[in-house]
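>>> Below are the sequence and a predicted model for it; my questions follow.
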Amino acid sequence: MADRKVRKETLYYDLANELGISPSELARRINDEADAELGIPSRAEEIRSENHAASLVEGVAFESDDPPAAPVVSTPAPVEVHEIGFPPGVAGMAARWLEPGNLAPNPLASIVSVLSAPAAICGRAWTNDQPQRADGLSLYMCLLAPSGAGKEWMVGGVRRLIRASGAPSDCLGARPASGAGLEESVADNPCQSIPLGEIGKWLQQVASGKAAPYEVAIQRAILALYNETDEYAVHVGTAKAGKAGTKSVESPCLSIMGESTHDSFYQALSDDARKNGLLSRFVVFDAGRERPRQRRTANMGPIPPEVERTLQAMAGTRARGMSPSVYGRNRIRWSPEAIRLDEELFDRWNDVMTASPDMISELISRTRQSSPRIAGILALWDDPDDPEVMPVHVQWAWDVCNAGGRSMARAFQTGEIVGESVDFEEMVYQYMAQHAKESNGWTVPRNSVRAWMAKSPAFRGRQSDALSDLLNKIIKQLCDGQQIAPVGEEDRRRLKIRGQAYVVQK
């Protein structure tokens, strides 16, 4: 995947150019031909089939959003970083409608908007009966992209979805200035979505130990609100000396849209920052490091009728979500096939992720918490009257969390994320295991490891001789621990490998 060349234009932009029409005209044609049922028009399917090679945008693969004819309960090949398609069903239609409105093509920004909007419109009205426990629809997301890559469109997309639903504009909250302010805002409006711009810099400040008390209070409130979204939870208000405290609220539903550059985000990920629980609550969407070429114009075209009807139906349940008590609220059911697939994916998750044990534990925690919520949101998009989670929802939710986990795991392996106590031996071993998996499946030349170390930020500042000495020491330790073994001279000749090489054994 690393050497695959990806195009920087969006699907609409590419297809419109090929057909000689504007992106908005292409959107209009697709919407005019839209089926009243779920899915994408047949003509659009033909266009996508004919232009499959043009369906990669900034590393994001756009695939059909039509659900399979029959439930599929088998684990697919591991999802690579950046390979996230549009969501299935009506959620995908909404994301495709929003995407051309972003001057900087960034489909992930529209996807985050689509996942965030239901929480703001009616999230508190629903209980997601996921396999592990009944839960709400609160979802914390962070979009990683370079400056000028259209990250801010997340907020613009949610604003347009809220407006189309007919729900009040205060569903979209403001960035909190204090923990008490966030709690008061949620108590007054327990269904809302808030932006956290430059979340990487904020996390750096919080993790540095030099954060102001109000910043620490925001972090504590965010941590608490994530787990207090099911129908039996209560977010207890804060008592303040000599002043009225913040109000308590039952089962608030809060969606957070964070955005950051890669460097700012990774610099915040010290050992302590990863262990305090905040990062394990965020789903990471990595849009890649290349800045996309700006569009000449940004025009979304008319809203698809199915998307508009769905949003208005969501808004119709908002009154229940705003009531003081949420006892007996609406349910999002899970089909037996979806439950089986969720269990199978969880059981096999370790086999498709290469990282240290601590990192695996953290990524599993993030995926286990977030993927059922994403699946429930997709089901609500498909049927806002009687939603049911199907295998296609579960699969896409796991793909999203898997891709975000791979992105972070790779950043740890390459040294972009450097904790306070770096385990160089583990870092080199993880690189060798990944290299072997992506190349011929078992051998790793020493010079490849040496070249990687020279480029890795984790080894920055070391002289050439010192770096070679460190590598020799690490290789000896890995060989003594039987994690790797040297390739014999005869095998090197047969495989035409120059210099020393090693076999990853476990």
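Thanks, I have the structure now. Numbering: from 1, shown residues only.
>>> Which segments of this structure make up each domain?
Taking automatic domain parsing as the reference, the chain has its domains at 11-414, 436-504.
>>> Give the rounded mean pLDDT of the longest one.
I take that to be domain 11-414. The average pLDDT within domain 11-414 is 75.
>>> Tell me who's in contact with R320.
C122, A125, V326, R329, N330 (C-beta atoms under 8 Å, 6 or more residues apart in numbering). No exception for glycine: its C-beta is placed from N, CA and C like everyone else's.
>>> TSV for the residues you listed, including neighbour count, distance to R406 and secondary structure?
Below are the contacts of R320 laid out as TSV (neighbours: other C-beta atoms under 10 Å; distance: C-beta to C-beta, whole Å; DSSP: H, G, I helix; E, B strand; the rest coil):
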residue	neighbour count	distance to R406	secondary structure
C122	29	32	helix
A125	24	34	helix
V326	26	36	coil
R329	18	35	coil
N330	17	34	strand
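>>> Return the closest of these with respect to L103.
Taking C-beta to C-beta as the measure, L103 lies nearest C122 of those, at 29.9 Å.
>>> Correct me if wrong: the closest one contacts S193.
No. C122 is beyond contact range of S193, at 11.7 Å (criterion: C-beta atoms under 8 Å).
>>> Which element, helix or strand, includes N128?
In the assignment (DSSP states H and E), N128 maps to strand 126-129.
>>> okay, among the contacts of R320, which ones form the most distant pair?
The most widely separated members of these, counting by C-beta to C-beta, are C122 and V326 (11.7 Å).
>>> In its sheet, which strands sit next to the longest strand belonging to the chain, and in what direction?
Secondary structure assigned by DSSP state E gives strand 253-260 as the longest strand of the chain. Strand 253-260 sits in its sheet next to strand 139-144 (parallel), strand 191-196 (parallel), going by DSSP bridges.
>>> Format these as a markdown table; extra columns: distance to E306.
Formatted as a markdown table, the strands paired with strand 253-260 follow (distance: least, C-beta to C-beta, whole Å):
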| stretch | distance to E306 |
| --- | --- |
| strand 139-144 | 22 |
| strand 191-196 | 22 |
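>>> Quickly compare those strands and say which is most buried.
Mean neighbour count (mean count of other C-beta atoms under 10 Å) peaks for strand 139-144 among these, with a mean of 26.
>>> Hmm, V155 is touching P195, no?
Yes. Applying C-beta under 8 Å as the test, V155 and P195 come out as touching, 4.9 Å apart.
>>> what residues do the two have in common as contacts?
Shared contacts of V155 and P195, defined by C-beta under 8 Å, 6+ apart, comprise M257.
>>> now the helices for the stretch 351-500 of the chain?
Counting by DSSP state H, counting those that start in this stretch, the stretch 351-500 of the chain has helices at residues 357-382, 391-414, 424-438, 446-455, 464-480, 489-495.
>>> Pull out the buried positions in the strand holding N128.
W126, T127, N128, D129 (16 or more other C-beta atoms under 10 Å).
>>> Of those residues, just say which sits nearest to L139.
L139 has its nearest neighbour among these in N128, at 10.6 Å by C-beta to C-beta.
>>> Contact partners for that closest one?
So N128 contacts A134, D135, G136, L137, I332, P372, R373, G376, V389 (C-beta under 8 Å, 6+ apart).
>>> So the fourth one, which state does it fall into?
For L137, the secondary structure call by DSSP: H, G, I helix; E, B strand; the rest coil comes out as coil.
>>> can you start the count at 44 instead of 1 from here on
Will do, 44 is the new start, and the previous item becomes L180.
>>> Excluding covalently adjacent residues, which one is nearest to it?
Take L180 and drop its neighbours on the chain: the residue closest to it by C-beta to C-beta, 6 or more residues apart in numbering is G166, 4.1 Å away.
>>> isn't that neighbour right up against C234?
Yes. The criterion here is C-beta under 8 Å, and G166 meets it with C234 at 5.2 Å.
>>> Name the residues contacting each of those two.
C296, G364.
>>> burial of R218, as a residue count?
Residues within reach of R218, counting by other C-beta atoms under 10 Å, total 13.
>>> Look up phi and psi at it.
R218 adopts backbone torsions of phi -60, psi 130, taken as degrees, to the nearest 10.
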